[in-house]
Each structure stands twice: as C-alpha cells, then as structure tokens.
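Undergrad: okay, here's the prediction I keep looking at, along with the sequence it came from:
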There are 2 protein chains.
Amino acid sequence: MSDLFPKKGHDHDRCVHSALAQAEKVCDSENARFTDMRRKVFTLIWQSHKAVTAYELLDALTAEGQRVQPPTVYRALEFLTELGLVHRIESLNAYFGCDRPDCEHLGQYFICTDCGRVAEAVNEDMSNAVRKAARSVGFTIQATTVEIKGLCHDCATH
Amino acid sequence: MSDLFPKKGHDHDRCVHSALAQAEKVCDSENARFTDMRRKVFTLIWQSHKAVTAYELLDALTAEGQRVQPPTVYRALEFLTELGLVHRIESLNAYFGCDRPDCEHLGQYFICTDCGRVAEAVNEDMSNAVRKAARSVGFTIQATTVEIKGLCHDCATH
DNA sequence: CAGAAAATGATATATTATAACATTTCATCA
DNA sequence: TGATGAAATGTTATAATATATCATTTTCTG
C-alpha cells in the first residue's frame, strides 16, 4: 500500500519550506507577486494537514497580531487558487495546499472524517475515467471536483 | 454519443411524476414519511434541470403562499438527501434530484457552466477508478463527491 | 383517547462570502 | 528621482448559506 497521508515523523517544516520555494517559482514564472499576505496565508495553509477555512486563517492571522478583515483573506485565497498553489475543498468550504502546482492535473482529495487530514492524489486512472466519461457524453471539462470522504488507513485500523 | 442532458421536447412533467412515484416507494420501504413539505421540496427540485439552492426553494415556497423559514427547508433537504432522493452539489451549495434513488451508487455530476443544467451520471469506470484508488491507499470510502464543470454538448456547439 | 415520537414553526444567530470605495504599495519610465 | 498608474490591501457594510434551540402541531401506537 502506498503512502498517501504523511507518515509519523516526516519532517513537515521541510515540506512547508519546499512548498514555499516552489510557490515562489510559480509566482515568478507567472509574473505574479508573492506578497507578504499571500505568503502568510499560503504558509498557514501548508502548516496544516487538514483543510483550513477562511475564518480559521483570519483567526490565525489575528493571533499573529495582524488585524485582518475577511476580504483580505478571500483575496489571498483567490490568488493562490488561481495559480493552483492551493485547492478549495468544496465539501468542506476549506482550502488545502497543492503538492504539484507546477503541472496541470485533475486532482483528487481523500478526506479522513475521523482525524480530519486531507491528502491530494493525482491518480491517472481517476483522471482518465473522468475525461473519458466526459468525452463520451460530449462534455468539455473546465474543472473537476473529486473529493472522497472516509477513513484513512490509520484511523480505520486503530 | 449518449444522451445525458435532456433532449429538447422530452416530457419533463412525466419525469417529475415518475420521480414522485419512486420517491414514495423509497419512503415506504424505509418507513419514512413523505410529508407535504418534503413532497413540495422534492417536486420543486425535480421541476428544475438546474441545481436549486435552499433559499431558492424558500422563495418558491413563499411564492406558493407558504410562509416558511430556513430550518424547514433545510430539514426537508436533509431528509431527502439522507434517503438518497436528492443529492447536494457541493460546488454549488445546491441540490439536485437523483435519478436512481433505489440503488447504491457513487454518482457523478456534470454541470454546465453556460446553461446551468446538471446531469447525473452513474459511470462504472469512474466509480471503479475511485474505489480502486481508495483501496490502493487503504482508504475506506464513506461518501464521494465527483462534480465536473464545463460545457454540455449543446452549449459547446451552439 | 392518552402519551410518545416525529415533524414543523418560530426566533435567533452562526458561518461563509462578496460588494464597494478608500488608501497604500510598488513597478515603470519620463 | 519622483510622478503616475496599476495592483494590492484596508475598511465598512452586507449578502448568502446554514444551524441551534425551544415551542407547537401532527401522527403513530397502544
């Protein structure tokens, strides 16, 4: 069984750090500004293994001493999702960092209803099945939402 | 190319009628009460080819002369979704009638961003790909959300 | 019919999201 | 280098979506 959810003991700080580096690269190549606010929001999202809501981000920023209003957070989220740096989990009204912002993909999300962790998968079987189904009914895909809720392996077995 | 979205001239009243009959059967077999309010909400949902929001239902009920509050609508929606008579489209915060309430399925939704119509598919390729992906990472599925946005054939070609 | 359970009514409020306009920041180039 | 225009953020208000709680009504069951 492959690892999807992070294993115990993985170095999360390092993941966040490398995600930041990658985000900077993406912004650079898009001539988009990775401002302080955007960086803060991005970092907060990446620091969590769970999907984070806009108002949780708002609270976290406030706790950091910023006095921030909803539009500020939503704008940062809009920016980050448009660049593909962050994905919105529709069934949670929450946001999650994207592992592979540099490549086009139809991502899929596994969401554990017990521990709350989220994992992104980029599974070609699923993507291809979606593309094929769309083709067979003459549907032109613009965006896909594939969210799978249930129990991660840890929660199912412990 | 198979038909997914309804063709021009199909008899929608008849669809609604048969959906009502089927809903009654399902409620019967579950010993659940298909009350007036639930029937009204179900009918309003089925009368639309688009997904309908809770507050649109509220307005429609009000227009019919009922004076209804949000909890009433949300309770009816909860009842209907729990029985599988209606599905919630997460990416739209809206509800759509289920064609096949009588069988277990992982449904997929095609949502046209131009005309707004929604179509449910029950595509085994997609379902199997989802199940297989979950199995391969040790994930136990409780619920799936597969929503595909784009252009339906009509809108893409006209 | 009495009593319990289920459904709905009513009120209030929580949560999620955006519109509109003011101000600040930043890249550009005259 | 500092004027200027575009982009980003600040600020205020409000819209849209959803639920908690308790009261009342309806329905089922014995």
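TA: Received it, and whenever you're ready, just let me know what you need. Numbering: from 1, shown residues only, chains lettered A, B, ... in the order given.

Undergrad: buried residues in the longest helix that chain A contains, which are they?
TA: In chain A, with assignment by DSSP state H, the single longest helix is helix A:12-29. Across helix A:12-29, burial judged by 16 or more other C-beta atoms under 10 Å in any protein chain shown covers A:Cys15, A:Val16, A:Ala19, A:Leu20, A:Gln22, A:Ala23, A:Val26, A:Cys27. (C-beta placed from N, C-alpha, C; glycine too.)

Undergrad: and the third one, what is it in contact with?
TA: What it means is A:Ala19. Shown in contact with A:Ala19 (C-beta atoms under 8 Å, 6 or more residues apart in numbering or on different chains): A:Phe42, A:Trp46, A:Gly97, A:Asp99.

Undergrad: I'd like to know how far it sits from DNA strand D.
TA: Plainly put, A:Ala19 is 18 Å away from DNA strand D if you go by C-beta to the nearest atom of the strand, to the nearest Å.

Undergrad: my read is that A:Ala32 contacts A:Phe79, right?
TA: Yes: between A:Ala32 and A:Phe79 there is a contact under C-beta atoms under 8 Å: 7.3 Å.

Undergrad: which one's more surrounded, these two?
TA: Between A:Ala32 and A:Phe79, A:Phe79 has the larger neighbour count (other C-beta atoms under 10 Å in any protein chain shown), namely 20 against 16.

Undergrad: which strand or helix spans the more buried one?
TA: Here A:Phe79 sits within helix A:70-82, counting by DSSP states H and E.

Undergrad: touching chain B at all, that helix?
TA: No: using C-beta under 8 Å from any C-beta of the partner chain, helix A:70-82 never reaches chain B; the gap is at least 12.8 Å.

Undergrad: okay, that helix in PDB with CA atoms only?
TA: The C-alpha trace of helix A:70-82 is given here as PDB (Å, rounded to 0.1, in the frame of the first residue of the first chain):
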ATOM      1  CA  PRO A  70     -12.400  38.800   5.500                       C
ATOM      2  CA  PRO A  71     -11.900  40.300   2.100                       C
ATOM      3  CA  THR A  72      -8.100  40.200   2.700                       C
ATOM      4  CA  VAL A  73      -8.100  36.500   3.300                       C
ATOM      5  CA  TYR A  74     -10.500  35.700   0.500                       C
ATOM      6  CA  ARG A  75      -8.400  37.700  -1.900                       C
ATOM      7  CA  ALA A  76      -5.300  35.800  -0.900                       C
ATOM      8  CA  LEU A  77      -7.200  32.600  -1.300                       C
ATOM      9  CA  GLU A  78      -8.400  33.600  -4.700                       C
ATOM     10  CA  PHE A  79      -4.900  34.500  -5.800                       C
ATOM     11  CA  LEU A  80      -3.500  31.200  -4.600                       C
ATOM     12  CA  THR A  81      -6.200  29.000  -6.000                       C
ATOM     13  CA  GLU A  82      -6.000  30.700  -9.400                       C
END
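
Undergrad: avg pLDDT for it?
TA: For helix A:70-82, the mean per-residue pLDDT is 98.

Undergrad: walk me through the domains of chain A.
TA: A:10-102, A:104-158 (automatic domain parsing).

Undergrad: so of these, which one's packed in deepest?
TA: domain A:104-158 (a mean of 18; mean count of other C-beta atoms under 10 Å in any protein chain shown).

Undergrad: A:Phe79 is in contact with A:Arg38, correct?
TA: Yes: A:Arg38 is in contact with A:Phe79 according to C-beta under 8 Å; the separation is 5.7 Å.

Undergrad: up against DNA strand D, what does chain A have?
TA: Within chain A, the positions near DNA strand D by C-beta under 7 Å from any atom of the strand are A:32-33, A:35-38, A:66-72, A:75-76, A:79.

Undergrad: out of these, which is nearest to chain B?
TA: Nearest to chain B among the residues of chain A next to DNA strand D, counting by C-beta to the nearest C-beta, is A:Pro70 at 17.6 Å.
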